[in-house]
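> next come a sequence and a model predicted from it.
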Amino acid sequence: MFRISFLTNFKTLFTALFLSSVLAGCATAPPHPVTQKIEETMVHVEGGEYLMGSDSPYAKKAEKPAHLVSVDDFYISKFEVTQSLFESVMGSSLSYFQSPDIPVNNLSWQQANYFIEKLNELTGETYRLPTEAEWEYAARGGKLSQNYTYSGSNNIDDVAWFADNANNQAHAVGMKQPNELGLYDMTGNVGEFVSDAYDDTFYRFSPTDNPNNARDEASGLAHKSVRGSSFSYKANESENYRRDFASQSIIMADMGLRLVRDAK
């Protein structure tokens, strides 16, 4: 009886240990270190409606008319992608202004997307560029918006490295004041690529719900939208509604990117 009882208890213990080991092996693996680093700086943006663009007499044709759009919830990084983050994925960068904490610069829209492709392969995540509508909503402060001219202030010097204070160069991220959502450098420093193709008439027929003018063009001359101005832009070229563009393949020293992902 003692032997039978001992064997029964031993089998029960062995089975419990085996199952525990199997379950531990099946447990979700911890996030990749790069993912952990990115997620520490991600800000949840609650979706909503806002007036995109401007009817100001100073607005360009491509920035008119002001039109009501809505966006869903999403996450956006507090900071532009730094050289440190970029090089942890790509190994190196061709940044003209070099320092680990300075935004990666001197890259094209195609290279920005290639970086995101490699980042997602490495981490198993689904990071992407923001749409123009998401970008402008976040720059304006989302549901916390105070209707500032620039992203976080009516005084551009508070929040941006721009033509009058940047000495014609990019600076480390997070040195100026953030906007209402806690996002830094949405105005100035480096321009930020978005997913949309540039169309100067798009606002006239833009969808209301999550507008997105993304296109996959084979031509290297296809123009992509760039938002946020940069260190080389003047104050009257840097308001939240301002739009610019660049060929998808051209490399520019004042262009960078910021990461977004869908709300899970």
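That came through fine. Since the structure is predicted, the reported quantities are computational estimates derived from the model, not experimental observations.
> so which strand or helix has residue 111?
Residue 111 belongs to helix 109-123 when assigned by DSSP states H and E.
> which positions in that helix come out as buried?
By neighbour count, and taking 16 or more other Cβ atoms under 10 Å as the criterion, the buried residues in helix 109-123 are 109, 110, 111, 112, 113, 115, 116, 119, 123. (Each C-beta comes from the backbone N, C-alpha and C, glycine too.)
> what is that helix packed up against?
Identification of packing neighbours for helix 109-123 by 3 or more Cβ pairs under 8 Å, 6 or more residues apart in numbering; DSSP states H and E yields helix 33-39, helix 83-90.
> name the surrounding residues that touch it.
The contact list for helix 109-123 (Cβ atoms under 8 Å, 6 or more residues apart in numbering) reads 31-32, 34-35, 38, 81, 86, 89-90, 104, 107, 125-129, 193, 224, 246-249, 251, 256-257, 259.
> now the element after that helix, going C-ward?
Downstream of helix 109-123, the first helix or strand assigned by DSSP H and E is helix 132-139.
> so for that next one, what's the average pLDDT?
Taken as a whole, helix 132-139 has an average pLDDT of 98.
> check stretch 168-184 too.
98.
> in it, which residues are buried?
Of the residues in stretch 168-184, those scored as buried under the neighbour-count criterion (16+ other Cβ under 10 Å) are 170, 171, 172, 173, 174, 176, 178, 179, 180, 181, 183, 184.
> the helix holding residue 111 to helix 83-90, inter-axis angle?
Here helix 109-123 runs at an angle of 70 degrees relative to helix 83-90 (axes from the mean of the first three to the mean of the last three Cα atoms, to 10 degrees).
> point out where the stretch 151-264 of the chain drops to low pLDDT.
Under the criterion pLDDT under 70, the flagged ranges of the stretch 151-264 of the chain are 219-221.
> where along it do the helices fall?
Ranges of helices within the stretch 151-264 of the chain are 156-159, 202-205, based on DSSP state H, counting those that start in this stretch.
> any idea how far the first one is from the chain center?
Pointing back at helix 156-159 there. Shown here is helix 156-159, whose average C-alpha point lies 21 Å from the average C-alpha point of the whole chain (Cα atoms, centre = their mean, to the nearest Å).
> so for that helix, what gets flagged as buried?
Neighbour count says helix 156-159 has 156, 159 buried, by 16+ other Cβ under 10 Å.
> check the last one too.
Judged by neighbour count (16+ other Cβ under 10 Å), helix 202-205 contains these buried residues: 202, 203.
> do stretch 68-82 as well
69, 70, 71, 74, 75, 76, 77, 78, 79, 80, 81, 82.
> straight-line length of that stretch, end to end?
Separation of the first and last residues of stretch 68-82 by Cα to Cα, to the nearest Å is 33 Å.
> what about that stretch, distance to the chain center?
Computed by Cα atoms, centre = their mean, the chain-centroid distance of stretch 68-82 equals 6 Å.
> just stretch 92-107 next, same as before
Centroid displacement of stretch 92-107 relative to its chain, using Cα atoms, centre = their mean, is 16 Å.
> on that earlier part again, just send the buried residues of helix 109-123 back as JSON lines, with pLDDT and distance to residue 231 too.
Formatted as JSON lines, the entries for those read as follows, by pLDDT from 0 to 100; distance: Cβ to Cβ, whole Å:
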{"residue": "109", "pLDDT": "95", "distance to residue 231": "19"}
{"residue": "110", "pLDDT": "94", "distance to residue 231": "22"}
{"residue": "111", "pLDDT": "97", "distance to residue 231": "19"}
{"residue": "112", "pLDDT": "98", "distance to residue 231": "18"}
{"residue": "113", "pLDDT": "97", "distance to residue 231": "23"}
{"residue": "115", "pLDDT": "98", "distance to residue 231": "21"}
{"residue": "116", "pLDDT": "98", "distance to residue 231": "23"}
{"residue": "119", "pLDDT": "98", "distance to residue 231": "25"}
{"residue": "123", "pLDDT": "97", "distance to residue 231": "30"}
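> now render those residues as TSV, adding distance to residue 232.
Rendered in TSV, the data for the buried residues of helix 109-123 read as follows (distance: Cβ to Cβ, whole Å):
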residue	distance to residue 232
109	18
110	22
111	20
112	18
113	23
115	23
116	25
119	27
123	33
